[in-house]
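**Q** this one's structure only:
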């Protein structure tokens, strides 16, 4: 994700310096409350996307897609679509 923040700062609400300053516990908590999916090529993570679910009873059926990122060299191969 740091690569994504550095290469495409206009796509995120936080800067790479803000995100790098966060402790590992913050990142781990994101994985506990949100669903994060990865696309792999052998042992290399080549893409990622997150899904954040609403917690309020009346809107629990809604979710927000966030953080879609595919390595630049592998874009336009349908990886993002398969992640979604």
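**A** Noted; the coordinates are in hand. Values in this document were obtained by computation on a predicted structure and should not be read as measured data. Residues are numbered from 1 along each chain as shown.
**Q** C-alpha from now on. contacts and neighbour counts both.
**A** Will do.
**Q** contact partners for residue 60?
**A** Residues counted as contacts of residue 60 (Cα atoms under 8 Å, 6 or more residues apart in numbering) are 53-54.
**Q** tell me the phi and psi of it?
**A** Phi and psi for residue 60, reported as degrees, to the nearest 10, are phi -60, psi -20.
**Q** quick one, phi psi at the residue positioned nearest the centre of the chain?
**A** The C-alpha lying nearest the average C-alpha coordinate of the chain belongs to residue 67 (Cα atoms, centre = their mean; 3.1 Å). Residue 67 adopts backbone torsions of phi 60, psi 30, taken as degrees, to the nearest 10.
**Q** list the contacts for it?
**A** Residue 67 neighbours (Cα under 8 Å, 6+ apart): 1, 12, 48-50.
**Q** ok, residue 45 next?
**A** Counted by Cα under 8 Å, 6+ apart, residue 45 has contacts 38-39.
**Q** and it, how far is that from residue 80?
**A** Separation of residue 45 from residue 80 (Cα to Cα, to the nearest Å): 13 Å.
**Q** same thing with residue 37?
**A** Residue 37 is 11 Å from residue 80, by Cα to Cα.
**Q** just residue 12 next, same as before
**A** 17 Å.
**Q** out of those two, which sits in the busier spot?
**A** Comparing residue 12 with residue 80 by other Cα atoms under 10 Å, the one with more neighbours is residue 80, at 19 against 13.
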